[in-house]
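K.L.:
Have a look at this fold, sequence not included:
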């Protein structure tokens with residue numbers, strides 16, 4: 001996972017070049033140990049044919065936020081791999097806006113990290129809430 005040169009609270013913001021996150025328009029806005037924020041537009045890349053945010057796009061946003069939140073918590077020879085995603089979608093959002101994902105680390109173990117990700121509208125209305133478990137594994141050569 002690449003990191004940008006932009007810094008917030010002494011942590012680099014992830015660079016999503018050449019990834020699903022870039023394709024979906026995800027952009028990280030804040031990052032500190034155990035806390036991450038990112039935004040994603042609601043447009044033709046992230047909508048259902050009915051013109052509302054696709055639940056799969058919300059899950060991709062949540063997993064991207066949790067994964068990149070775990071990266072700076074790993075040793076140099078380690079990386080996070082999402083092994084479980086559970087989410088509830090509680091409201092619809094029409095195309096033409098964006099959503100914000102706020103990730104909070106709930107558990108930092110030696111081999112797993114558990115994240116809670118709340119996805120909200122710009123007005124603060126809850127859209128989806130997700131729980132992500134990342135397994136911490138050795139990087140592959």
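P.N.:
Sure, I can see it. For clarity, every value in this text was computed on a predicted model and none was experimentally measured.

K.L.:
Distance of residue 64 relative to residue 79?
P.N.:
The spacing between residue 64 and residue 79, counted by CB to CB, to the nearest Å, is 14 Å. C-betas here are computed from N, CA, C, even on glycine.

K.L.:
out of these two, which sits in the busier spot?
P.N.:
Neighbour count, other CB atoms under 10 Å: between residue 64 and residue 79, residue 64 has more, with 27 against 18.

K.L.:
Can I take it that that one is in a strand?
P.N.:
No - according to DSSP: H, G, I helix; E, B strand; the rest coil, residue 64 belongs to no strand; its state is helix.

K.L.:
Strands along this structure, start to end?
P.N.:
Secondary structure of the chain by DSSP state E: the strands cover 2-8, 11-15, 27-32, 35-41, 78-89, 98-108, 112-120, 126-138.

K.L.:
Quick check: which of these is nearest to residue 69?
P.N.:
Taking CB to CB, strand 35-41 is the member of these nearest to residue 69, at 4.1 Å.

K.L.:
which residue is nearest the middle of the protein?
P.N.:
Relative to the mean C-alpha position of the chain, the nearest C-alpha, by CA atoms, centre = their mean, is the one of residue 65, at 1.8 Å.

K.L.:
OK, contacts around it?
P.N.:
36-38, 101, 103, 115, 117 (CB atoms under 8 Å, 6 or more residues apart in numbering).

K.L.:
Now it: closest residue in space that isn't a chain neighbour?
P.N.:
Closest residue to residue 65 apart from its sequence neighbours, by CB to CB, 6 or more residues apart in numbering: residue 103 at 4.2 Å.

K.L.:
again with residue 69
P.N.:
Closest residue to residue 69 apart from its sequence neighbours, by CB to CB, 6+ apart: residue 36 at 4.1 Å.

K.L.:
show me what contacts that neighbour?
P.N.:
28, 30, 65-66, 68-69, 101-103.

K.L.:
And the buried ones among those, selectable in ChimeraX?
P.N.:
Here is the ChimeraX selection string for the buried members of these, based on 16 or more other CB atoms under 10 Å:
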select :28,65,66,68,69,101,102,103
